[in-house]
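1. have a look at this prediction, sequence included:
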Amino acid sequence: MKLIMLGAPGAGKGTQAKKIAEKYNIPHISTGDIFRANIKNGTELGQKAKTYMDQGLLVPDELVVDLVMDRFAQPDCENGYVLDGFPRTIPQAEALDAALEKAGAKIDYAINVEVPDENIINRMSGRRACVGCGATYHIVHIPPKTEGVCDKCQKELILRDDDKPETVKKRLDVYHEQTQPLMDYYMEKGVLVEVDGTVAMEEVFDAIVEILGA
Ligand code: AMP
């Protein structure tokens with residue numbers, strides 16, 4: 001099963017992508033996580049990506065596409081994957097399609113997790129990320145067992161620079177301008193499905209499972 005998660009930053013698509021990956025036993029590929037790992041490890045790619053990410057801008061397509069193509073070539077992607085945060089622009093979607101076509105494969109569903117902008121800004125200010133493993137929480141909706149401490153690796157939880165309110169507003173502008181056109185792109189291909197992302201996390205997941213099949 002090959003899936004793409006669409007939706008504004010903070011719509012909860014990462015959380016849903018992780019749950020999908022677990023249930024359907026396919027890898028969760030998050031370009032944001034890959035960039036954050038590169039930043040943490042001080043790689044050249046990480047340094048380049050950080051300058052864009054900290055401003056709420058997209059990392060240029062040429063830095064993203066090769067990275068994702070390398071990831072697809074890994075053996076665990078044989079039975080599919082759930083893409084989270086890629087593609088984010090029409091050129092990225094076209095690059096993905098070209099690669100899939102070459103492999104005789106296609107995307108099964110592009111799942112849009114729909115949440116209005118006003119909800120997003122409130123949500124993101126409550127988001128916390130682990131400095132160690134990158135796990136994400138929400139101070140109200142998905143709180144850690146101990147405030148400020150990661151359940152998984154016990155490291156500190158912080159508000160990411162790109163989750164700060166002024167950056168979130170910028171990211172939403174970028175989303176509407178560069179990523180929203182993907183809705184039409186995948187609708188025309190007949191693979192776009194939508195779920196209401198404003199309801200509880202478990203309900204969003206149930207709606208997705210209903211679409212994908214148990
Ligand atoms: P995310 O965790 O998916 O919200 O990604 C965090 C940041 O990483 C984004 O705001 C972008 O700066 C960058 N990023 C992640 N995925 C992509 C992508 N496919 N294209 C361009 N930039 C990306």
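-> Here it is on my side, so go on.
2. how much space between residue 147 and residue 188?
-> 46 Å (C-beta to C-beta, to the nearest Å). Heads up, the C-betas are built off the backbone N, CA and C, glycines and all.
3. and stretch 33-49 with the ligand, contact?
-> Yes: contact of stretch 33-49 with the ligand (C-beta under 6 Å from any ligand atom) involves residue 35.
4. list the buried ones in that stretch?
-> 33, 34, 35, 36, 38, 39, 45, 46, 48, 49 (16 or more other C-beta atoms under 10 Å).
5. repeat that for stretch 57-75.
-> 57, 58, 59, 61, 64, 65, 67, 68, 71, 72.
6. quick one: these as a markdown table, columns for distance to residue 22, pLDDT and secondary structure too.
-> Supplementary listing: the buried residues of stretch 57-75 in a markdown table, determined by distance: C-beta to C-beta, whole Å; pLDDT from 0 to 100; DSSP: H, G, I helix; E, B strand; the rest coil:
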| residue | distance to residue 22 | pLDDT | secondary structure |
| --- | --- | --- | --- |
| 57 | 31 | 92 | coil |
| 58 | 28 | 94 | coil |
| 59 | 27 | 96 | coil |
| 61 | 30 | 95 | helix |
| 64 | 25 | 95 | helix |
| 65 | 27 | 92 | helix |
| 67 | 23 | 89 | helix |
| 68 | 21 | 90 | helix |
| 71 | 18 | 90 | helix |
| 72 | 20 | 86 | helix |
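7. so which of these would count as near the ligand as well?
-> 57, 58, 59, 64.
8. closest one of those residues to residue 159?
-> residue 57 (18.9 Å; C-beta to C-beta).
9. distance-wise, check the closest one relative to residue 23.
-> Applying C-beta to C-beta, the value for residue 57 to residue 23 is 33 Å.
10. residues from this protein in reach of the ligand?
-> So the chain meets the ligand at 9, 30-32, 35, 52-53, 57-59, 64, 85-86, 88, 92, 162, 171 (C-beta under 6 Å from any ligand atom).
11. now for residue 159: which residues touch it?
-> Contact analysis of residue 159 by C-beta atoms under 8 Å, 6 or more residues apart in numbering lists 125, 127, 128, 129.
12. buried subset of those residues?
-> Neighbour-count burial (16+ other C-beta under 10 Å) applied to those gives 127, 128, 129.
13. in this structure, what helix or strand scores lowest on average pLDDT?
-> Within the chain, no helix or strand scores below helix 117-125, which has a mean of 87 by mean pLDDT, DSSP states H and E.
14. what packs against it?
-> Helix 117-125 sits against helix 165-174, with contacts defined as 3 or more C-beta pairs under 8 Å, 6 or more residues apart in numbering; DSSP states H and E.
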